[in-house]
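Trainee: When you get a sec, could you give me coordinates for this:
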Amino acid sequence: MGVPSEEDAVLIQKGKKPGEPRVITVNCPDKTGLGCDICRTILDFGLYITKGDVSTDGKWCYIVLWVLPHSSTIIVRWSNLKDRLLSVCPSSCSVSFYLNQPSPQSTCSPVYLLTFCCLDRKCLLHDVTQVLCELEFTIQRVKVTTTPDDRVLDLFFITDNLELLHTKKRQDETCEQLHFVLGESCLSCKLQLAGPQYDSHQGSSSLSPGIAGELFRCELSDKETCSQALSQDLTKLKKTSVIVDNSLSPAHTLLQIHCVDHKGLLYDIMRTLKDFNIQIAYGRFSPITNGHRELDLFIQQKDGKKIVDPEKQSALCSRLNREMLHPLRVIIANRGPDTELVVANPVELSGKGRPRVFYDVTCAFKTLGICIFSAEIRRHSTADREWEVYRFLLDEDCKFQLSNMVVRNQIVDRVRKTLMGCSLN
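Mentor: Residues are numbered from 1 along each chain as shown. Okay, here's the model as predicted:
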């Protein structure tokens, strides 16, 4: 494979006709987990991967992905996407890469605290979240409260994917955009580096043992009447197949996956392989057929060997099945006299969470016409992994009878469908 210039390591080409997918080509040095990092970035921009191919010789990789926006309302800044993809690629000029020396660790982005106070109104939280996503901020933590006099105090702990929030221009742009969207309801807006407030919001979520047990259990039955029970059209998610074959290649294990499509599917598969330190030598992500996807991945362990240990094969297949069945957990339950919706997703071993979860949940509430009384994002640790937990206390003053079990299941269903993508509608 040829060595492109750093600028040519990522190319984004328009489709030949309007409405056709754009083609993203990544040609750069390889590293374990590169596919995961690329898919997370694409998902963060609200894009859907229609098909893809990846190949590597162990040092250099070549990835081609066809992408479309998830909806017509998403604004994609393609030049910014290219810059973000370049940032996750190993340097093409790094001599240390070929000497197998560790590359320098990227510096963590500073966390900023966005504080604003405004008069309460419908869809407020989603409108704010949409502005932050369009400005390419990552929401790390949230604390939203509604006061008795119908004012909302929002604390958003954010990082800037453009690394420009230290500048006055970027800070002014952020506050101006929020004032423009919120209008006269916005009473104040302030941006500053997060201090002890961020540390106080870093703690584990205080979930009750009952809620935590239901949310984080490994298997969920579609026959159960619990608040996480699958609706009829979502039960097809259980029809997945993961096959390990060591007979077709002397050097690689073939992983064959057949499953129902959902938003972020390729990311869920890639992050699982990254967490298992699995390297992909060649892979093909086929176009959707009757709502299903097929993937053929030739893989190796990090030491370059095939996966022949039955226990390792079983653990990998079990985790992949679980991630394709329930990449996100959604339940609705009582919190004292109030009604709370809780969403959880696994955190990568690198510490990174799933993109756009807060955006999708608030979008679902906006569609349903349900107001959010308070919200927060925390982390929760179980025996084998860490989770990001989103908690939403719902406003009882809405058209739904929130104490009704049928209504609750409808809310869970809508939120899950929004998170998993329109293909499940």
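
Trainee: Could you list the low-pLDDT ranges of the stretch 151-300 of the chain?
Mentor: 197-205, 218-238 (pLDDT under 70).

Trainee: try 90
Mentor: 151, 182-186, 195-240, 289-291 (pLDDT under 90).

Trainee: Which parts of it are helices?
Mentor: 168-182, 196-200, 209-216, 265-275 (DSSP state H, counting those that start in this stretch).

Trainee: Nearest to Ala333 among these would be which one?
Mentor: helix 209-216 (5.6 Å; Cβ to Cβ). All C-beta atoms are positioned from the backbone trio N, CA, C, and that covers glycine.

Trainee: ok, which stretches of the stretch 201-350 of the chain are strands?
Mentor: 241-245, 253-260, 278-285, 292-301, 329-335, 338-346 (DSSP state E, counting those that start in this stretch).

Trainee: ok, back up a step: of all the helices of the stretch 151-300 of the chain, which one comes closest to Gly52?
Mentor: With respect to Gly52, and counting by Cβ to Cβ, the nearest of those is helix 265-275 at 6.7 Å.

Trainee: hmm, back to that, now the helices of the stretch 151-300 of the chain as CSV including distance to Leu349?
Mentor: Listed next are the helices of the stretch 151-300 of the chain as CSV, based on distance: least, Cβ to Cβ, whole Å:
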stretch, distance to Leu349
helix 168-182, 31
helix 196-200, 22
helix 209-216, 17
helix 265-275, 5
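
Trainee: Return the most buried member of the ones you listed.
Mentor: Of all the helices of the stretch 151-300 of the chain, helix 265-275 has the most neighbours on average by mean count of other Cβ atoms under 10 Å, namely a mean of 24.

Trainee: Show me what that one is packed against.
Mentor: When contacts are defined as 3 or more Cβ pairs under 8 Å, 6 or more residues apart in numbering; DSSP states H and E, helix 265-275 sits against helix 34-44, strand 47-56, strand 292-301, helix 310-325.

Trainee: and these, which is most packed in?
Mentor: helix 34-44 (a mean of 23).

Trainee: so what secondary structure elements neighbour that helix?
Mentor: strand 22-29, strand 47-56, strand 60-69, helix 78-88, helix 265-275.

Trainee: Please identify the deepest-packed of the strands of the stretch 201-350 of the chain.
Mentor: strand 338-346 (a mean of 22).

Trainee: helices or strands up against it?
Mentor: Contact analysis of strand 338-346 by 3+ Cβ pairs under 8 Å, 6+ apart lists helix 209-216, strand 329-335, helix 357-368, strand 386-394, helix 405-420 as its packing neighbours.

Trainee: make it 10 Å
Mentor: Taking 3 or more Cβ pairs under 10 Å, 6 or more residues apart in numbering; DSSP states H and E as contact, the helices and strands that strand 338-346 lies on are helix 209-216, helix 265-275, helix 310-325, strand 329-335, helix 357-368, strand 372-381, strand 386-394, helix 405-420.

Trainee: ok, Val361 - contacts?
Mentor: 125-126, 129, 328, 330, 341, 343, 372, 375, 390, 392, 415-416, 418-419 (Cβ atoms under 10 Å, 6 or more residues apart in numbering).

Trainee: Any chance of a markdown table for the helices and strands packed on strand 338-346, columns distance to Leu11?
Mentor: Converted to a markdown table, those look like this (distance: least, Cβ to Cβ, whole Å):
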| stretch | distance to Leu11 |
| --- | --- |
| helix 209-216 | 41 |
| helix 265-275 | 19 |
| helix 310-325 | 30 |
| strand 329-335 | 37 |
| helix 357-368 | 28 |
| strand 372-381 | 35 |
| strand 386-394 | 32 |
| helix 405-420 | 30 |
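
Trainee: quick one, which of those is nearest to Val144?
Mentor: So among the helices and strands packed on strand 338-346, strand 372-381 is nearest, using Cβ to Cβ, at 4.3 Å.

Trainee: list the buried ones in the closest one?
Mentor: 372-380 (16 or more other Cβ atoms under 10 Å).

Trainee: Just the CA atoms of it, as PDB, please.
Mentor: What follows is strand 372-381, C-alpha atoms only, in PDB (Å, rounded to 0.1, in the frame of the first residue of the first chain):
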ATOM      1  CA  ILE A 372     -38.400  16.500  31.500                       C
ATOM      2  CA  PHE A 373     -38.400  17.800  35.100                       C
ATOM      3  CA  SER A 374     -34.800  16.900  35.800                       C
ATOM      4  CA  ALA A 375     -32.000  14.900  34.200                       C
ATOM      5  CA  GLU A 376     -28.500  13.700  34.900                       C
ATOM      6  CA  ILE A 377     -25.700  11.600  33.400                       C
ATOM      7  CA  ARG A 378     -23.500   9.500  35.700                       C
ATOM      8  CA  ARG A 379     -21.300   6.400  35.500                       C
ATOM      9  CA  HIS A 380     -22.100   3.000  37.200                       C
ATOM     10  CA  SER A 381     -19.800   0.000  37.600                       C
END
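
Trainee: relative orientation of that strand and strand 338-346 in degrees?
Mentor: Per axes from the mean of the first three to the mean of the last three Cα atoms, to 10 degrees, the angle that strand 372-381 makes with strand 338-346 is 40 degrees.

Trainee: list the helices and strands strand 372-381 packs on?
Mentor: helix 124-134, strand 137-146, strand 151-160, helix 209-216, strand 338-346, helix 357-368, strand 386-394.

Trainee: Worst mean pLDDT among those?
Mentor: When the helices and strands packed on strand 372-381 are compared on mean pLDDT, helix 209-216 scores lowest, with a mean of 87.

Trainee: what about that one, distance to the chain center?
Mentor: Here the centre of helix 209-216 is set off from its chain's centre by 22 Å, with Cα atoms, centre = their mean, to the nearest Å.

Trainee: do the same with stretch 380-389
Mentor: On Cα atoms, centre = their mean, the centre of stretch 380-389 falls 16 Å from the chain's centre.

Trainee: ok, now stretch 21-35?
Mentor: For stretch 21-35 - counting by Cα atoms, centre = their mean - the centre lies 18 Å from the chain centre.

Trainee: ok so, going back, among the helices of the stretch 151-300 of the chain, single out whichever gets nearest to Glu396.
Mentor: helix 209-216 (19.3 Å).
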